[in-house]
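In: Here's my sequence, what's the structure:
(2 chains, ligands or ions: 2)
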Amino acid sequence: MKYAIYLGCAIPIKYPGFEAATRNVCERLGIDLVDLPFACCPPPTSLKMVHYDSWLALAALNLCMAEEAGLNLMTLCSGCVNTLKEANQTLKKSDSKRRKVNRILEEQNHHFKGTIEVTHILDVLYQDSVIEKLIKEKVREIPLKVGCHYGCHYFRPPKIMYPEELSEAESYVPVKMDHLLSIIGMEPTEYSRKFLCCGSPLGANSDQDAGYAIVKEKLRHIRERNIEALSVICPSCFEQFDMGQIALSRKFKDLVKVPTFYLTQLIGLSLGMSTKEVGLDVHRVKSKKLLEGIGIS
Amino acid sequence: MTVKIWNFFPREALYECYQCARCTGSCPALEVASALGPRETILKCLNLGHDEIVEDEKLWVCCTCNVCEDRCPQKIPISDLLVALRNSAARRGNIPDKLEIAIELLAKTGRSMIVHQLDEMRAHHGLAPLLPVPVDEVREILKKTRLDEVVEF
Ligand code: SF4
Ligand code: SF4
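Out: Numbering: from 1, shown residues only, chains lettered A, B, ... in the order given. Ligands and ions are numbered 1, 2, ... in the order given. Presented below is the predicted three-dimensional model:
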């Protein structure tokens, strides 16, 4: 099993711990990763909103790099997977858009052919063979009540992100992270408004406080279910919960904070990696006490 | 030059909207900020036309979460409409400052994030330096798609 690893911008630059955990987890679970000199995805929340043609062409450049290496592309972020999956699908389907983009790319010696698939680390880990390996390789359980947050762009719009797995209402309700975490002994716990946005794009493009107000609303429901930890699969969602809780706790003194983890950090811990190895030291909402309580340091 | 948004979005789809507000009822942006919300956006498109709505700064108050489209019983491609309207707004200079700065950084460096003392930080996590982005290629591509007509870089 081999993929071109698409790191995106936020993970390798802001949260290299997530990258370290991911590389380590993949190695242990038999997933080979190849690095390529990718550019920014670019985000569905920024460039796409401002200039669609530029967004599509730059995404095509990244897709071409993976095509040229003959590898499917694995992303680590809900935003990256949204852009690259949609662009890949659009360019495969639309002859006119593909021609237009190729006219531009050909000057840089690239040509979009439509030969690869785009996926997300969560979907990669969720394959039977990987899960079997995880069950064999895990050295400890992580008995905590966990709340999953998937990130809107990971699964919406469903007809683009999961066209093969649509419900009768032509929607898609993600479950893979919950299932995966139960395998490492966590207790995935449902909470109200689980699929509400984290608010990150609102903060990035217009109003930080409004974005954090959404975090506060989510947190209320999360605390209601006595959830002890949050798990995410996107660096923007992560930052929104991690920084957001710090910002909120300055304003609301009695706010009870819930530590947030990136999925592969939790899997890494269950495979025996140390908290430092998975990069927990840079999190703003600390998880030290919580983890010590279950014998992980 | 403005983007002819009806090239990006099937205008007839606007008439499929029966103003039920199911989209707006699930809109997180509208819940916490003074956003337009999708129902009103569509109504304004119909009543006032494209030219007026793209002047409105509130057009940008959105999470791009796509819940509206997911909930719409009429299956109106709302996300396409929102992309088209904002592309058009940006061309007329209606673009949030923060977003403009972010796009300029992206066009200049090929990344959405400022790189500062990165190698040391990555080494701390046992990671090799990041492969360099082919910046010249990125800039050429973005020049060819005429991004600089909207955001200078
Ligand atoms: S949910 Fe669809 S039909 Fe109802 S108001 Fe929104 S766009 Fe119109
Ligand atoms: S995409 Fe924007 S308009 Fe639609 S529900 Fe989300 S925040 Fe509201």
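In: Can you name the residues that contact the residue in chain B sticking out farthest from the centre?
Out: Note on chain B: the largest separation between a C-alpha and the mean C-alpha position, by C-alpha atoms, centre = their mean, falls on residue B:126 (36.0 Å). Residues counted as contacts of residue B:126 (C-beta atoms under 8 Å, 6 or more residues apart in numbering or on different chains) are A:20, A:277. Glycine gets a C-beta too; all of them are placed from N, C-alpha and C.
In: Tell me where chain B has helices.
Out: Using DSSP state H, the helices of chain B run over residues B:5-8, B:22-25, B:28-32, B:38-47, B:50-53, B:67-71, B:78-91, B:97-109, B:118-124, B:135-144.
In: quick one: average confidence on the strand or helix carrying residue A:34?
Out: Using DSSP states H and E, residue A:34 falls within strand A:32-35. For strand A:32-35, the mean pLDDT works out to 98.
In: Can you check the pLDDT for the residue of chain A positioned farthest from its centre?
Out: What lies farthest from the middle of chain A is residue A:107; by C-alpha atoms, centre = their mean that is 32.8 Å. For residue A:107, the pLDDT comes out at 95.
In: and it, how far is that from residue A:16?
Out: 34 Å (C-beta to C-beta, to the nearest Å).
In: swap in residue A:240?
Out: Relative to residue A:16, and taking C-beta to C-beta, residue A:240 is found at 19 Å.
In: Let me know the secondary structure of the closest residue to residue A:56 other than its chain neighbours.
Out: Leaving aside its sequence neighbours, residue A:56 sits nearest to residue A:87 (C-beta to C-beta, 6 or more residues apart in numbering or on different chains; 5.6 Å). The assignment at residue A:87 comes out as helix when based on DSSP: H, G, I helix; E, B strand; the rest coil.
In: Might you report the residue contacts of residue A:87?
Out: A:55, A:56, A:59, A:60, A:63.
In: ok, the residues you listed vs residue A:9, which is closest?
Out: residue A:59 (13.7 Å; C-beta to C-beta).
In: Secondary structure element holding the closest one?
Out: helix A:52-69.
In: If you average the pLDDT over the helix or strand that that helix is followed by, what comes out?
Out: On the C-terminal side of helix A:52-69, the nearest following helix or strand under DSSP H and E is strand A:72-75. Strand A:72-75 comes out with an average pLDDT of 98.
In: likewise stretch B:15-30?
Out: 95.
In: Could you find the closest non-adjacent residue to residue A:126?
Out: Residue A:126 sits nearest to residue A:176 (C-beta to C-beta, 6+ apart), 4.5 Å away.
In: Likewise for residue A:270?
Out: residue A:184 (3.8 Å).
In: cool, and residue B:25?
Out: Nearest non-adjacent residue to residue B:25 (C-beta to C-beta, 6+ apart): residue B:71, at 7.8 Å.
In: show me the contacts for that neighbour.
Out: Per C-beta under 8 Å, 6+ apart, neighbours of residue B:71: B:22, B:23, B:25, B:26.
In: most neighbours, which of those residues?
Out: Using other C-beta atoms under 10 Å in any protein chain shown as the neighbour test, those are led by residue B:23, with 26 neighbours.
In: Compute the number of surrounding residues for the closest residue to that one other than its chain neighbours.
Out: In space, residue B:23 comes closest to residue B:68 once its chain neighbours are excluded; the distance is 3.6 Å by C-beta to C-beta, 6+ apart. By the criterion of other C-beta under 10 Å, residue B:68 has 29 neighbours.
In: still on that earlier bit, could I get the phi/psi values of the residue nearest to residue A:126?
Out: The phi/psi pair for residue A:176 (degrees, to the nearest 10) reads phi -60, psi -40.
In: Show me chain B divided up by domain.
Out: Domain ranges of chain B: B:5-91, B:97-149, per automatic domain parsing.
In: Mind checking which of residue A:240 and residue A:16 has more residues around it?
Out: residue A:240 (28 against 22).
In: buried stuff in stretch A:222-238?
Out: A:222, A:227-238 (16 or more other C-beta atoms under 10 Å in any protein chain shown).
In: Skipping its backbone neighbours, what lies nearest residue A:65 in space?
Out: residue A:36 (4.8 Å).
In: likewise residue A:43?
Out: Residue A:43's closest residue in space is residue A:79 (C-beta to C-beta, 6+ apart), at 5.0 Å.
In: Any part of the helix or strand that contains residue A:148 near chain B?
Out: Here residue A:148, judged by DSSP H and E, is contained in strand A:145-149. No - judged by C-beta under 8 Å from any C-beta of the partner chain, strand A:145-149 and chain B are separated, with a smallest distance of 12.3 Å.
In: Quick check: what element follows that strand along the chain?
Out: helix A:152-155.
In: so how far is that next one off the chain centroid?
Out: How far helix A:152-155 lies from its chain's middle: 9 Å, per C-alpha atoms, centre = their mean, to the nearest Å.
In: Who are the packing partners of that helix?
Out: helix A:78-93 (3 or more C-beta pairs under 8 Å, 6 or more residues apart in numbering or on different chains; DSSP states H and E).
In: Which single residue in the stretch 1-150 of chain A comes nearest to ligand 1?
Out: residue A:49 (18.8 Å; C-beta to the nearest ligand atom).
In: Quick one: name the residues of chain B near ligand 2.
Out: B:27, B:28, B:29, B:38, B:62, B:63, B:64, B:65, B:66, B:67, B:68 (C-beta under 6 Å from any ligand atom).
In: Now rank the residues you listed by neighbours and give me the top one.
Out: residue B:63 (32 neighbours).
In: I'd like to check which residues are in contact with that residue.
Out: Residue B:63 makes contacts with A:152, A:197, A:199, A:200, A:201, A:202, A:214, B:28, B:29, as judged by C-beta under 8 Å, 6+ apart.
In: Perfect, that will be all.
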